[in-house]
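Colleague: need a structure here:
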Amino acid sequence: MPPTSPRPVWGILLAAGRGRRMGRPKPLVLLGGRPLIAYAAASLAAGGYGGLLAAVPPGEVGEGVRAALSEWPFMVVENPQPERGLLSSFRVALGALPEGVSAAAFALADMPLVTADTHRALVSAFRETGAPLVLARYGEEAVHAPPHLLRADLWPEVLALPDADHGPRSVLRAHAAGAVDVDVSAGQLLDVDTPEALAQAEARFSPPPRPPR
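Modeller: Have a look, this model is predicted:
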């Protein structure tokens, strides 16, 4: 078994999406009276990471996202061109990480049901195995979906990818043989990118914990 790395693992929240199918900026859509992004942020903040970073859009929407994240200790970086797709946020986030980070887990702002336990399991699996990829695997159907943890030596491959409105699929495929899966309940797999999905979330969510004052 590879030795565990003492270097920090960071949690990255990708929140610069345009929300085309939702018809409005997804991170700021209200769910249970709070911005949608608050749920993913709370889980990341309690997930055992050594640092937190969020990629946000420019302008007024970006300011709103920054305000929604102010309860948690996120380092915030602006994606100046979110219209280039989700991979542009991966690149912006990776470029903003400090030196010495051993791995980063990428979570989506529109997946409010992913728990802090899932994040802790990703970090634990990486510490135990040193695997290049640690992937969340949902339910009996074994669906792979974010959050994904990528070891630092894979980042140059992500940075070299062309623009796309999805994650680094080719990198995940290329290193699938060395990936470690973390089993996650199917109930956490909900991507709130349409009004219909928002209605599903409203029926299932639990309010995110507020940090102690």
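Colleague: give the helix, strand or coil label for the residue nearest the centre of the chain.
Modeller: What sits nearest the mean C-alpha location of the chain, by Cα atoms, centre = their mean, is residue 107, with 0.9 Å. Under the three-state scheme (DSSP: H, G, I helix; E, B strand; the rest coil), residue 107 adopts strand.
Colleague: for residue 196, same thing?
Modeller: Taking three-state DSSP, the label given to residue 196 is helix.
Colleague: that one: how many residues sit nearby?
Modeller: The burial count assigned to residue 196 is 9, neighbours taken as other Cβ atoms under 10 Å. From N, CA and C alone the C-beta is placed, and that goes for glycine too.
Colleague: pLDDT score for it?
Modeller: Listed pLDDT for residue 196 reads 83.
Colleague: next, the contact list for it, please.
Modeller: Taking Cβ atoms under 8 Å, 6 or more residues apart in numbering as the definition of contact, residue 196 has no neighbours.
Colleague: and for residue 47?
Modeller: By Cβ under 8 Å, 6+ apart, the contact list for residue 47 reads 11, 105, 116, 118, 119, 120, 122, 123.
Colleague: may I ask you to confirm that the residue nearest to the centre of the chain is in contact with residue 40?
Modeller: Yes. Look at residue 107 against residue 40 with Cβ atoms under 8 Å: they come within range, at 5.6 Å.
Colleague: for this structure, what are the low-confidence residue spans?
Modeller: Low-confidence segments of the chain, defined by pLDDT under 70: 1-5, 18-23, 205-213.
Colleague: returning to what we had before: so what's in contact with residue 107 and residue 40 at the same time?
Modeller: The overlap between the contact sets of residue 107 and residue 40 (Cβ under 8 Å, 6+ apart) consists of 13, 114.
Colleague: after the longest helix along the chain comes which helix or strand?
Modeller: In the chain, with assignment by DSSP state H, the single longest helix is helix 116-129. Sequence order places strand 133-138 as the next helix or strand after helix 116-129, per DSSP states H and E.
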